[in-house]
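Undergrad: coordinates for the following, if possible.
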Amino acid sequence: MRVQGRDNNNNNNNDYLRQQNVPTGYDGSSSGGSQADSLTPYVRRHLGQVYGLLTLGVISAGLGATLMIATPLCKVIPPLVPMIGGFIPLLWLSFAPPANPNLKLALFFAFTTIEGMALAPLILMTSMKGVLVTSLLLTGAIFCGFSAAAYLAPRASMVAWQGPLFGALIGLVGISVVNIFWPSAIAHSIILYGGLALFSIMIASDTQAMIERARCGAGDHVQDALQMFLNVVNIFVRIAQIMGSQD
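TA: The predicted structure follows:
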């Protein structure tokens, strides 16, 4: 014999628990329209945190590069040291992210600063050739353009690209490794121009993916900012190399 009143209480408790686990402003509906149309107040706050942290990460990278260029650090620290040292906070954040939010932020800024130090020789070269500002502006234009494409495209239409893009990334890494031992002009062009196209598309795909994660309450603004920072750096490096190679 069922007791109706008890069932109602259980249902009410389950509804309450579900509401408690949903972030404020979260809307789990799967309505159509563009990605921008699906943004909830909670998702907008998350995106604000991501882009704010990304901006600070770019600034810290600039400071790291300035330290290497404008101080005697460049004579004390070989360029290979920051290139290798940056993998420590990067791998820590990527594969074993700490639960402490302050430690996560510290690792993020440690990585962005060290990455800026590693980019110092390239930045100095482009500055001497007078193409640094152009490279930065083109990088910003690509980031804004592909981010806008993600917002204007149908909701989650680019999330399915994550798998193929990751496969292409693995292939690009493989070509880069082979090119170290058996350099070729074709491989160099694939790494340069193919990589530029790949990371540009990844900006759009990663933008929609982080929005969908935030809609589910699984957003991590530090991880999302880290992914966007990696995309931006890889685009800047390729644009700077292309611009710097032109006489």
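
Undergrad: now the helices for this structure?
TA: 4-20, 41-70, 73-76, 80-85, 87-95, 101-118, 120-128, 132-152, 162-181, 185-189, 195-215, 221-245 (DSSP state H).

Undergrad: and for residue 135, the neighbour number?
TA: Neighbour count for residue 135, taken as other CB atoms under 10 Å: 24. (C-beta placed from N, C-alpha, C; glycine too.)

Undergrad: identify the residue nearest it in space, chain neighbours excluded?
TA: residue 240 (4.4 Å; CB to CB, 6 or more residues apart in numbering).

Undergrad: okay if I get the helices of the chain as a markdown table plus mean pLDDT and distance to residue 34?
TA: A markdown table is the format used below for the helices of the chain (pLDDT from 0 to 100; distance: least, CB to CB, whole Å):
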| stretch | mean pLDDT | distance to residue 34 |
| --- | --- | --- |
| helix 4-20 | 42 | 28 |
| helix 41-70 | 96 | 13 |
| helix 73-76 | 82 | 47 |
| helix 80-85 | 92 | 40 |
| helix 87-95 | 92 | 30 |
| helix 101-118 | 96 | 30 |
| helix 120-128 | 94 | 36 |
| helix 132-152 | 97 | 6 |
| helix 162-181 | 96 | 19 |
| helix 185-189 | 96 | 35 |
| helix 195-215 | 97 | 10 |
| helix 221-245 | 96 | 20 |
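
Undergrad: and the ones you listed as TSV, adding distance to residue 35?
TA: As requested, the helices of the chain are exported to TSV (distance: least, CB to CB, whole Å):
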stretch	distance to residue 35
helix 4-20	25
helix 41-70	10
helix 73-76	43
helix 80-85	35
helix 87-95	25
helix 101-118	25
helix 120-128	33
helix 132-152	5
helix 162-181	15
helix 185-189	33
helix 195-215	6
helix 221-245	15
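
Undergrad: rewinding a little: the residue nearest to residue 135 against residue 131, yeah?
TA: Yes: Residue 240 lies in contact with residue 131 (CB atoms under 8 Å); the separation is 7.3 Å.

Undergrad: these two: who's more crowded?
TA: residue 240 (24 against 19).

Undergrad: quick one: residues contacting the more buried one.
TA: Neighbour list for residue 240: 122-123, 125-126, 131-132, 135 [criterion: CB atoms under 8 Å, 6 or more residues apart in numbering].

Undergrad: so for residue 33, which of the helices of the chain sits nearest?
TA: Closest to residue 33 of the helices of the chain is helix 132-152 (CB to CB; 10.6 Å).

Undergrad: who does that closest one touch, helix- and strand-wise?
TA: Counting contacts by 3 or more CB pairs under 8 Å, 6 or more residues apart in numbering; DSSP states H and E, helix 132-152 packs against helix 120-128, helix 195-215, helix 221-245.

Undergrad: export these to TSV and tack on distance to residue 48?
TA: Supplementary listing: these in TSV, determined by distance: least, CB to CB, whole Å:
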stretch	distance to residue 48
helix 120-128	28
helix 195-215	11
helix 221-245	9
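
Undergrad: right, and those helices - which one's nearest residue 153?
TA: When these are compared by CB to CB, helix 195-215 sits nearest residue 153, at 7.3 Å.

Undergrad: buried ones in the closest one, by neighbour count?
TA: Neighbour counts over helix 195-215 (16 or more other CB atoms under 10 Å) mark 195-196, 198-215 as buried.
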